[in-house]
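Participant: What shape does this take:
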Amino acid sequence: MEITDLTPAERRVHQAFPLGEGVDFRESDDEDPAQGAAWGPERTLRAEVLRELLLDGPVREGRIAGLKVKGARITGKLDLKYGTVGHSVRLRSCHFEEEPDLYAARIVALVLSDSVLPGLMAGNLRAEGVVRISRCRMTGPARFQGAKLSGALFADGARLGTPDEAPEEPVLQLNHAELGTDVWAVGLVAHGAIHLNGAVVRNQVNLNDAVLDAPGRTALHAEVLTVGTDLHAMRLRVRGRVNLAGARIPRQLNLAYARLSNPDGQALRASGVVVGELWLREAAPIEGAVNLRRAQLDLLHVPPRVWPAQVETEGLSYRVLTPHLPAEERLPLLEREPAGYLPHPYEQLTTAYRTVGDDAAARTVQLAKLRRHRRTLPPYARLWGHLQDAAVGYGFRPMRAAGWLLLLLCTGTLAFALHHPPALKPSEAPGFNPLFYTLDLLLPIIDFGQEAAYAPRGWYQWLSYLLIATGWVLATTIAAGVTRSLNRQ
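Facilitator: Modelled structure (predicted):
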């Protein structure tokens with residue numbers, strides 16, 4: 001394109017390009033690029049002129065060329081598809097009439113901060129430096145699927161999609177993208193889905209203070225996402241499902257103070273994830289189901305009030321559970337498993353309490369497990385379970401047996417002290433002792449010679465039968481409890 005074909009605004013940019021200098025068309029720092037459609041020719045640039053500059057523009061020895069423009073209206077399509085751009089592209093606070101096309105382009109750096117665009121095609125983009133769409137407003141999708149960025153993607157404060165509209169495709173697409181450092185999206189507002197399926201982020205993903213609005217659909221789709229360090233999402237607000245199935249996050253998945261809402265379906269799917277620490281500290285109660293099946297966590301920090309009515313925990317494993325609370329506050333979660341009774345969640349909670357040395361809480365969990373299991377048994381087994389529970393709490397409440405024995409011992413001693421049973425052989429019988437006679441009846445493995453020498457009659461005989469039967473039950477349950485205790489050790 002000859003220089004004589006350029007408008008005055010384009011000539012300014014053409015002259016600044018080889019020097020790497022910037023051109024600022026703005027009248028004030030706070031003007032709104034959304035009004036850019038009304039900007040006149042004095043600040044209008046044709047996309048074809050910018051394309052010519054970027055692909056074959058003049059350079060000056062000793063200077064680093066680059067496109068640096070603020071506050072311009074860009075008409076036409078900026079088509080750099082498959083192109084190689086050896087310069088940085090900085091188009092800040094600009095108004096694009098058409099979606100730029102950078103599909104499979106190679107570029108040094110791309111900065112579109114504070115601009116207004118109908119969308120961005122940057123699939124399979126190769127960038128040596130950062131890509132910035134900070135505070136951009138896009139009504140259409142930002143497509144970065146398959147992109148490989150040596151630096152970070154900055155989308156902090158960006159506004160993607162249109163409120164109260166359901167877009168046909170995700171408003172931010174990073175499927176299978178590879179980023180050398182971060183995805184930095186603090187304060188992002190997305191009216192539609194964000195896709196990170198299969199993406200690899202070498203450092204961290206930061207969604208602090210972001211708002212993801214896709215009611216009734218998946219708002220964050222990040223299956224098999226691989227993050228080098230952390231995924232921060234403090235104060236995240238989501239309407240829709242968060243799907244992190246199979247993600248790998250070696251340090252923190254931080255959802256502190258977050259609000260997740262998808263009342264008619266799953267609010268959080270984190271099945272099969274491998275995460276160092278999952279934090280839901282001070283988060284709002286989750287509205288919708290949670291799926292943590294087969295998740296592997298080192299630390300799980302979730303207050304009980306955060307959990308919804310339905311939580312899938314089959315195969316969930318964790319080493320430490322915080323904050324440390326009494327077992328009675330954690331056990332209701334295990335009742336919310338839609339599959340019914342599963343032994344593994346109880347064993348996992350028991351292990352977590354033993355890890356921090358709280359054996360009393362671990363015993364409480366094991367007792368709750370046996371009581372829950374009892375509901376699945378046939379009637380005769382449930383009856384035997386009730387007897388063991390009442391007697392010694394399945395062996396986890398051994399002092400209860402001592403209390404029963406003491407009560408029966410006192411009852412039998414008082415009854416037989418008031419009415420001595422007649423001796424079978426008066427001449428050979430030892431002197432009657434109501435205390436030891438009752439002990440003979442209660443304890444099947446002890447023989448003081450009293451039971452065999454005396455034969456009660458009437459209701460005293462029935463009392464002796466009761467003492468013998470309850471003695472056997474207590475002895476059996478105590479033996480079972482001791483055995484279980486030894487097995488635990």
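
Participant: make it CA atoms for all contacts and neighbour counts henceforth
Facilitator: Will do.

Participant: now the residue of the chain positioned farthest from its centre: how far from Y454?
Facilitator: Of all residues in the chain, S427 has its C-alpha farthest from the mean position, at 79.8 Å, by C-alpha atoms, centre = their mean. S427 sits 12 Å away from Y454, taking C-alpha to C-alpha, to the nearest Å as the criterion.

Participant: And L110, by the same measure?
Facilitator: Taken as C-alpha to C-alpha, the span from L110 to Y454 is 102 Å.

Participant: Same question for L19.
Facilitator: 118 Å.

Participant: and if you look at G385?
Facilitator: Applying C-alpha to C-alpha, the value for G385 to Y454 is 34 Å.

Participant: cool, Q35 as well?
Facilitator: 108 Å.

Participant: One more: A9?
Facilitator: From A9 to Y454 the distance is 120 Å (C-alpha to C-alpha).

Participant: repeat for T218
Facilitator: Distance of T218 to Y454, given as C-alpha to C-alpha: 79 Å.

Participant: quick one, which of these two is more surrounded?
Facilitator: Neighbour totals were compared for T218 and Y454, and T218 leads with 25 against 19 (other C-alpha atoms under 10 Å).

Participant: I'd guessed that one sits against N243; true?
Facilitator: Yes - if you go by C-alpha atoms under 8 Å, T218 and N243 touch, sitting 7.1 Å apart.

Participant: which phi and psi does P18 have?
Facilitator: Main-chain dihedrals, P18, degrees, to the nearest 10: phi -70, psi -20.

Participant: same check, this time on E178
Facilitator: According to degrees, to the nearest 10, E178 has phi -120, psi 120.

Participant: How about R217?
Facilitator: The phi/psi pair for R217 (degrees, to the nearest 10) is phi -130, psi -180.

Participant: Please list all residues in contact with it.
Facilitator: Each residue near R217 by C-alpha atoms under 8 Å, 6 or more residues apart in numbering is listed here: 193, 240-241.

Participant: do L236 as well
Facilitator: If you count contacts by C-alpha under 8 Å, 6+ apart, then L236 has 207-212, 255, 257-260 around it.

Participant: Among those residues, which pair sits farthest apart?
Facilitator: Across the contacts of L236, no pair lies farther apart than L212 and Y257, at 14.9 Å, counting by C-alpha to C-alpha.

Participant: neighbour count winner among those two?
Facilitator: More crowded of L212 and Y257, by other C-alpha under 10 Å: L212, with 26 against 20.

Participant: Okay, buried residues for the helix or strand harbouring the more buried one please.
Facilitator: Per DSSP states H and E: L212 is located in strand 211-221. In terms of neighbour count (16 or more other C-alpha atoms under 10 Å), strand 211-221 has its buried residues at 211-221.

Participant: for the next helix or strand after that strand, packing partners?
Facilitator: From strand 211-221 onward toward the C-terminus, using DSSP H and E, the following helix or strand is strand 226-227. For strand 226-227, the elements it packs on are strand 200-201, strand 248-254, judged by 3 or more C-alpha pairs under 8 Å, 6 or more residues apart in numbering; DSSP states H and E.

Participant: The first one: partners in the sheet, and parallel or antiparallel?
Facilitator: Sheet partners assigned to strand 200-201 using DSSP bridges are listed as strand 178-179 (parallel), strand 226-227 (parallel).

Participant: Tell me how far the last one lies from the chain's centre.
Facilitator: Read that as strand 226-227. 15 Å (C-alpha atoms, centre = their mean, to the nearest Å).

Participant: Sweet, I'm off.
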